[in-house]
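S.K.: Okay, predicted coordinates and the sequence, questions at the end:
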2 protein chains.
Amino acid sequence: MQTTLPDESSGSVAPLVLAIDAMGGDHGPYVTVPAALEFLQRNADASVTLVGATDAIGKELAKHPSNARARVQAASEVVSMDEPPANALRNKRDSSMRVAVDLVKSGAASACVSAGNTGALMAISRFVLKMLPGIDRPAIITVLPTMTGRTYLLDLGANVDCEAGHLLQFGLMGVSLVSAVEHLDRPTVGLLNIGEEAIKGNEVVKQAGELLRSSGLNFIGNVEGDDIYKGKADVIVCDGFVGNVALKTSEGLAQMLRQMLKEEFTRNFFRYVALAFAWPVIASFRRRVDHRRYNGASLLGLRGIVVKSHGSADRLAFLCALERAAEAARNGVLQKISERLAAATAPVP
Amino acid sequence: MQTTLPDESSGSVAPLVLAIDAMGGDHGPYVTVPAALEFLQRNADASVTLVGATDAIGKELAKHPSNARARVQAASEVVSMDEPPANALRNKRDSSMRVAVDLVKSGAASACVSAGNTGALMAISRFVLKMLPGIDRPAIITVLPTMTGRTYLLDLGANVDCEAGHLLQFGLMGVSLVSAVEHLDRPTVGLLNIGEEAIKGNEVVKQAGELLRSSGLNFIGNVEGDDIYKGKADVIVCDGFVGNVALKTSEGLAQMLRQMLKEEFTRNFFRYVALAFAWPVIASFRRRVDHRRYNGASLLGLRGIVVKSHGSADRLAFLCALERAAEAARNGVLQKISERLAAATAPVP
């Protein structure tokens, strides 16, 4: 365990270094530290910098075999989950979140991951890392399971009053990410709408459809809510309000169905027996749709890689968010987004 | 089987008469006629008027024991599922959909039900029945299962560019419907948003929150997507774009999970055996979350009761839509909505 950092003066980020806000999320170091150690076991080329209260982090590290690739960086403050973003930005310059983002800025880390307050993470990332040219605010993107594989949905809540040009930007950034991490040549892009015909939807969406059609992207037109899980497009674009509602509605429905299935299987003795017989099937079904495996939303449009984990993430979920950040860094997502935005011929507001 | 109608001159709608667009939906009379007959068996006080091609309807009626409370009304045209609403309205004055709505207008029917083209049904209903004072367009409302019971969500796609005043109207109309059919004294109302705090959301939603807070309704504030299925509010209000995406995303997710569960249970011989043991449990789970039992969306704000069934509805689903229309008519929903809108002190655009 060291408290030094890799050479910052060179600005080099090879090999891979993840800056981890160890204090973020509902469980803090109790989840972030073991997840980080497991990440290191799975990624021999990587190292991590655990940022936060050295005591709390050290206590968790002591429970596990030591790993020379896990460093600790002290930060004296913590951004709370319900803290106003402006307050976190202005008054907590030594928060674990801020210091983790600073490490990306200085080049000491390839990417940072936090399970903390989303608004604060956005505000701090924008302030510290700055946006790519032509982008106003980060867009939040996540991966979701589909009947045929996976799809990426953005924006998930960062941009609630979008113009058509923003939706085009989401398309450009989403495609860059997906082509890089999924190794797809020309990912398909769908525009989330309330009907398949081009005349459907509100004014902003109709205009966005026109921009996307002439963008050079592999645009397949409008998709509807149920198409998300049909795997109709690799990237699905919507404003942050709609995306947030779609994602959270899905979470709520999945939770309700899980609870009802559990209730049905535990209603009486005979059903417990049935559950014993069905357990291997239920277990593999659960594994397949385990939302923890889809944890880790990227903040796109920044001059640095920032991944937001669910606040309630457990070790597996937080590990997945770390893997997502590593994947983005290894595949040069940032470079690819910059290139695509620069090359975009369509007007960008 | 008669082709006459109840006395139109009196304008009386007691006892209950449902006008059914027998040609609407993916399956037409093959679904609508047997569903109507089953509805009559379950509702001894009701009668139905099956509207459409008398040959096709008669053929279906002949397959079942005759019922004197099932009448047939000829209509020579059918609105197709992908027909532009304006075309259906202007050029098909003798469509089964139009004639069914006309029966509500004339007072010959208490309510009408169609599984046809949604846009056409809206356009025809607006034109024939007219809107209640202060309402611009119908709002579409449906009932959804929750962890604790049921909730009603509106609008589901009729109003894609909403102002705050529209969202208030949705609240007023939704509460009127729910208090009438669920026999609740003061149903709770939630505003669908992307965070619980009043400062969250886009401009329209923030303004709508203020209007709802001073409306006299039992407003509980913002709810998020996952709260829909937690049963946090009896009525949840959102613009038609967001509501449509939330509903269809739910349908898509449920369909994916159903398919994956099926795949897991049919992967090999041993899993088939497990399925045999688990079948009673799976069956009761399926019954509990059966989307067909929630079929039937009401078009609110009209001077008449119009219920839209899913186009793909089977007999059970269409029967549920018929029950929904009957429930609305019996509980005087129309009267209650009119009274509440008239009494609303908050500004209505």
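M.R.: Yep, that arrived.

S.K.: The residue in the stretch 1-150 of chain A that chain B sits nearest to: neighbour count?
M.R.: In the stretch 1-150 of chain A, the residue that lies nearest chain B is A:M147 (5.2 Å; Cβ to the nearest Cβ). C-beta: built from backbone N, CA, C; applies to glycine. When neighbours are defined as other Cβ atoms under 10 Å in any protein chain shown, A:M147 has 15 of them.

S.K.: got it, and the one 3 residues further on?
M.R.: Neighbour count for A:R150, taken as other Cβ under 10 Å: 13.

S.K.: Repeat that for A:F269.
M.R.: Per other Cβ under 10 Å, the neighbour tally for A:F269 reads 8.

S.K.: Repeat that for A:M81.
M.R.: Neighbours of A:M81 (other Cβ under 10 Å): 14.

S.K.: do A:V273 as well
M.R.: Around A:V273 there are 12 residues (other Cβ under 10 Å).

S.K.: Next: A:R90.
M.R.: 11.

S.K.: Give me the secondary structure label for it.
M.R.: Three-state assignment for A:R90 (DSSP: H, G, I helix; E, B strand; the rest coil): helix.

S.K.: any idea how far it is from B:R287?
M.R.: 55 Å (Cβ to Cβ, to the nearest Å).

S.K.: Now do the lengthiest helix in chain A, average pLDDT.
M.R.: Counting residues, the longest helix in chain A under DSSP state H turns out to be helix A:240-265. Averaging pLDDT along helix A:240-265 gives 91.

S.K.: ok, now stretch A:85-103?
M.R.: The average pLDDT within stretch A:85-103 is 95.

S.K.: With stretch A:171-178 instead?
M.R.: Stretch A:171-178 shows a mean pLDDT of 94.

S.K.: try stretch A:315-328
M.R.: Averaging pLDDT along stretch A:315-328 gives 96.

S.K.: Flag every buried residue along the helix or strand containing A:R71.
M.R.: Assigned by DSSP states H and E, A:R71 belongs to strand A:70-74. Across strand A:70-74, burial judged by 16 or more other Cβ atoms under 10 Å in any protein chain shown covers A:70-73.

S.K.: Does chain B have contacts with the longest helix of chain A?
M.R.: Yes: judged by Cβ under 8 Å from any Cβ of the partner chain, helix A:240-265 and chain B are in contact via A:240-242, A:244-257, A:259-261, A:264-265.

S.K.: helix or strand right after that helix?
M.R.: Next helix or strand after helix A:240-265 toward the C-terminus (DSSP H and E): helix A:269-288.

S.K.: Now do that next one against helix A:240-265, angle only.
M.R.: Angle between the axes of helix A:269-288 and helix A:240-265 is 150 degrees (criterion: axes from the mean of the first three to the mean of the last three Cα atoms, to 10 degrees).

S.K.: In terms of secondary structure, what does the helix or strand following helix A:269-288 contact?
M.R.: Moving toward the C-terminus from helix A:269-288, the next helix or strand (DSSP H and E) is strand A:297-300. In terms of contacts (3 or more Cβ pairs under 8 Å, 6 or more residues apart in numbering or on different chains; DSSP states H and E), strand A:297-300 is packed against helix A:118-129, strand A:139-145, helix A:164-181, strand A:305-308, helix A:315-330.

S.K.: okay, the ones you listed in CSV with distance to chain B and mean neighbour count next?
M.R.: Formatted as CSV, the helices and strands packed on strand A:297-300 follow (distance: least, Cβ to the nearest Cβ, whole Å; neighbours: other Cβ atoms under 10 Å in any protein chain shown):
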stretch, distance to chain B, mean neighbour count
helix A:118-129, 9, 23
strand A:139-145, 7, 23
helix A:164-181, 13, 25
strand A:305-308, 15, 28
helix A:315-330, 16, 23
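
S.K.: Out of those, which gets nearest to B:W279?
M.R.: Minimum separation from B:W279 across these (Cβ to Cβ) falls at strand A:139-145, 25.8 Å.

S.K.: residues in contact with that closest one?
M.R.: For strand A:139-145, the external contacting residues (Cβ atoms under 8 Å, 6 or more residues apart in numbering or on different chains) are A:118, A:150-159, A:166, A:169-170, A:173-174, A:177, A:228-229, A:240, A:243, A:247, A:250, A:288-289, A:294, A:296-301, A:308, A:324, B:256.

S.K.: now with 7 Å?
M.R.: A:150-159, A:170, A:173-174, A:177, A:228, A:247, A:289, A:294, A:297-301, A:308 (Cβ atoms under 7 Å, 6 or more residues apart in numbering or on different chains).

S.K.: who touches the residue most central in space within chain A in this structure?
M.R.: Centre of chain A computed as the mean C-alpha position; nearest residue by Cα atoms, centre = their mean is A:A297, 1.1 Å away. Residues in contact with A:A297 (Cβ under 7 Å, 6+ apart) are A:140-142, A:156, A:307-308.
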